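Undergrad: Pasting the sequence and the predicted coordinates here, then a few questions.
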Amino acid sequence: MKHFYRKHKKLCLCSLAGILFVSSAGCLMHFVYEWSGRNFVLGLFAPVSESTWEHMKLAYFPMLLFFLVEYIFLYKSYPRLLKADLAGILAGTLLIPVIFYTYTGILGTHNLPLDILTFIISAAAGLYVRCRCVLADKRRTHTFYYFICVLVLGVSFLIFTYYPPDLALFVSPV
């Protein structure tokens, strides 16, 4: 373990910083729309309702921002970082509804501390997936497909914020 940490110190420190940044930024983003007086533009990036879909933004946009900044500093050391970052964004964002609907299905209701824990676990999982992809995958394949998925998800957030489909994912839980 010591050898691993020494060899990948920058990646490990960035992962810890990422968990802290994404968790903090996501928690703050939860309130940004209301604090801004319901600013239309901020609503594209911050939740405008209590729906699960809107809360997925809490992971997506902070991870995207963190990974863009991180990429500038680490891409030379880790050539597969872009693919890994994209995989981490997808994993962290998509894990939110998986955990949320699993625990609410079991309990029959949602619970604020568990909602917050769901978000933190999802953010940490996204950074974990990113770390594993950087270190384990020797191929540079599929980066384009990951990019397209992240792009489609981001555009979907922008569109569905104000024009949500009539699906449970887009409805605030009661």
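TA: Perfect, I can see it now.

Undergrad: three-state assignment of the nearest residue to His142 once chain neighbours are set aside?
TA: Leaving aside its chain neighbours, His142 sits nearest to Lys83 (6.8 Å; criterion: Cβ to Cβ, 6 or more residues apart in numbering). (C-beta placed from N, C-alpha, C; glycine too.) Classification of Lys83 by DSSP: H, G, I helix; E, B strand; the rest coil places it in helix.

Undergrad: where's the spatially most central residue of the chain, which helix or strand?
TA: Closest to where the C-alpha atoms of the chain average out (Cα atoms, centre = their mean) is Ala59, at 2.9 Å. Taking DSSP states H and E as the criterion, Ala59 maps to helix 52-74.

Undergrad: Please apply the same query to Leu151.
TA: helix 143-162.

Undergrad: got a list of what Cys131 touches?
TA: 11-12, 15, 84 (Cβ atoms under 8 Å, 6 or more residues apart in numbering).

Undergrad: Distance-wise, check it relative to Val171.
TA: Distance of Cys131 to Val171, given as Cβ to Cβ, to the nearest Å: 34 Å.

Undergrad: Check Arg130 too.
TA: 31 Å.

Undergrad: higher neighbour count, the two?
TA: Arg130 (29 against 14; other Cβ atoms under 10 Å).

Undergrad: Kindly state the pLDDT recorded for that one?
TA: In this prediction, Arg130 carries a pLDDT score of 92.

Undergrad: Also Phe45?
TA: 97.

Undergrad: Could you check the angle the helix holding Leu151 makes with helix 52-74?
TA: 140 degrees (axes from the mean of the first three to the mean of the last three Cα atoms, to 10 degrees).
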